[in-house]
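Undergrad: coords please:
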Amino acid sequence: MTRIQSAWWGVGLAIWLALAAGAAAGQAGSAKPADARTQAPDTPAQDEHGLVIENDSELPDTSLQGRYALQLQAHGGISALHWRLEKGKLPPGIHLSDAGMLLGKAEQAGEFQFTVSVTDAGRERAVQKDFVLRVVSALSLTWKAGAQVNGNRIEGSAQVTNTTPDDIDLTFDVMAVAPNGRATAIGYQHFVLRRGANAVELPFGETLPRGGYAIHVDAVGEVARKKLIYREYLDTPGRLQVTVGP
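TA: Residues are numbered from 1 along each chain as shown. Purely as a prediction, here's the structure:
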């Protein structure tokens, strides 16, 4: 082989090696990495039609004979939604409609716990939720300063609260009853107790002869235009003894 032929052969070999190296690099660069889905488990997608009851578990309070209207709310599922009482007890006078409306006038005070369910139109999804509904006395009467003996007097005070949406015509009456049944008025007021009035103090007291007295506090409220009557009362746990006097 001549010197010139040897040189050309060396150049050709170099070119061939360069091309081979480039092809190998291209193949390596075009190779796909292992599919990520084969390296980690699938994450389940959320059900976009998931049925959820939106109302808080503690529902707004209502008062005795007060009108109550509350629409239960839910989202998800296939319209229309159907509601029903599953267990527990609604306040007497309040009912749950198929459309999810709690409607009526409570006839009994107290705390009522119950469970409702909602089902979508496809009958494929249903969910339940527990609720609490409190019915408070429309007219609340409590002791402010309990009845007590002060010398030859029995005195004290009560307080009234109006939780209704109405003004109430209130009669407040306090009687001291002796063992022989004789009753002596030791407190009386007649006035309009405005709606929303809270803890209005009503004092009472009177001088009495010696003896033991049971104290009866009576509050009667009337809303004439609605033909509603509310009544609350208090009694002392035992007789109060007046030992000073004739």
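Undergrad: on the three-state scheme, the closest residue in space to N198 that isn't next to it in sequence is what?
TA: The shortest distance from N198 to any non-neighbouring residue, by CB to CB, 6 or more residues apart in numbering, is to T161 (5.1 Å). All C-beta spots, glycine's among them, are computed from the backbone N, C-alpha and C. T161 carries the three-state label strand when classified by DSSP: H, G, I helix; E, B strand; the rest coil.
Undergrad: do you know how far T161 is from I78?
TA: Relative to I78, T161 is positioned 46 Å away (CB to CB, to the nearest Å).
Undergrad: same question for A183.
TA: Distance of A183 to I78, given as CB to CB: 67 Å.
Undergrad: thinking again about what came up before, tell me how far the residue nearest to N198 lies from D235.
TA: Distance from T161 to D235, by CB to CB: 19 Å.
Undergrad: what of Q148?
TA: Plainly put, Q148 is 14 Å away from D235 if you go by CB to CB.
Undergrad: wait, what's in contact with the residue nearest to N198?
TA: For T161, the contact set (CB atoms under 8 Å, 6 or more residues apart in numbering) comprises 139-140, 197-200.
Undergrad: export those residues to a markdown table and tack on pLDDT and neighbour count?
TA: Formatted as a markdown table, the contacts of T161 follow (pLDDT from 0 to 100; neighbours: other CB atoms under 10 Å):
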| residue | pLDDT | neighbour count |
| --- | --- | --- |
| L139 | 91 | 22 |
| S140 | 90 | 18 |
| A197 | 94 | 15 |
| N198 | 93 | 10 |
| A199 | 94 | 10 |
| V200 | 97 | 17 |
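Undergrad: nearest residue to the middle of the protein?
TA: In the chain, the centroid-proximal residue (CA atoms, centre = their mean) is E58; its distance is 1.9 Å.
Undergrad: quick one, what contacts that residue?
TA: Residues in contact with E58 (CB under 8 Å, 6+ apart) are 131-132.
Undergrad: write down the beta-bridge partners of it, one by one.
TA: V132 (DSSP bridges).
Undergrad: please tell me how far it sits from F131.
TA: Applying CB to CB, the value for E58 to F131 is 8 Å.
Undergrad: ok, and the helix or strand in the protein with the lowest average confidence?
TA: Lowest on mean pLDDT, DSSP states H and E among the helices and strands of the chain sits helix 3-30, with a mean of 48.
Undergrad: which non-adjacent residue is nearest L139?
TA: Y230 is the one closest to L139 (CB to CB, 6+ apart), at 3.9 Å.
Undergrad: surely that neighbour meets T171?
TA: No: Y230 lies out of contact with T171 (CB atoms under 8 Å); the separation is 10.9 Å.
Undergrad: and the residue nearest to T62 when sequence neighbours are not counted, how many neighbours?
TA: Distances taken as CB to CB, 6+ apart put Y68 closest to T62, at 4.3 Å, once the chain neighbours are dropped. Applying other CB atoms under 10 Å, we find 19 residues neighbouring Y68.
Undergrad: quick one: name whatever helix or strand follows the helix or strand encompassing Y68.
TA: Here Y68, judged by DSSP states H and E, is contained in strand 67-71. Using DSSP H and E, the next helix or strand after strand 67-71 towards the C-terminus is strand 74-75.
Undergrad: how far is that next one from where the chain is centred?
TA: Centroid separation between strand 74-75 and its chain, computed with CA atoms, centre = their mean, to the nearest Å, is 18 Å.
Undergrad: what strands line up against the helix or strand following that strand, and which way round?
TA: For strand 74-75, the succeeding helix or strand toward the C-terminus, using DSSP H and E, is strand 82-88. Paired neighbours of strand 82-88 in the sheet (DSSP bridges): strand 110-119 (antiparallel).
Undergrad: any idea of the mean pLDDT in the strand it pairs with?
TA: Confidence for strand 110-119, expressed as mean pLDDT, is 95.
Undergrad: what comes into contact with it?
TA: The contact list for strand 110-119, computed with CB under 8 Å, 6+ apart, reads 51, 53, 72, 74, 77, 81-91, 96, 100, 125-135.
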